[in-house]
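Undergrad: With the input below, show me the fold.
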Amino acid sequence: MEPGASVSAIARRIGIDPSQLFTWRRNARLKAEAVVDTARGESSTADIMIGDAVIRVNVGIDESHLVRLIRAVRSA
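TA: Purely as a prediction, here's the structure:
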């Protein structure tokens, strides 16, 4: 995606109705929030929410790899 690109325009260009795309996005966000709410106990994964994006990682992830993932999400 290019900076300033319209998500709706990209969806239409690849044949997806924008409303369906936003429904998928909302459902993914709700599911991620539910996982965070229920994952209060011991877990081998962690969810990192950056805006509307969720990064799910193993808790033992290498720090440099995690930094690269977060930077990639922020720049997308």
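Undergrad: Poorly predicted segments of this structure, please.
TA: Per-residue confidence of the chain (counting by pLDDT under 70) places the weak regions at 1, 34-43.
Undergrad: That one: helices as residue ranges?
TA: In the chain, the segments counted as helices under DSSP state H are 7-13, 18-38, 63-75.
Undergrad: Adding distance to V54 as columns, could you present the ones you listed in CSV?
TA: All C-beta atoms are positioned from the backbone trio N, CA, C, and that covers glycine. Supplementary listing: those in CSV, determined by distance: least, C-beta to C-beta, whole Å:
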stretch, distance to V54
helix 7-13, 17
helix 18-38, 4
helix 63-75, 9
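Undergrad: Would you mind saying which of those lies nearest S44?
TA: Taking C-beta to C-beta as the criterion, helix 18-38 is the member of these that comes nearest to S44, at 13.1 Å.
Undergrad: Need the residues that contact that closest one.
TA: Helix 18-38 is touched from outside by V7, S8, A11, R12, D47, M49, D52, V54, with contacts defined as C-beta atoms under 8 Å, 6 or more residues apart in numbering.
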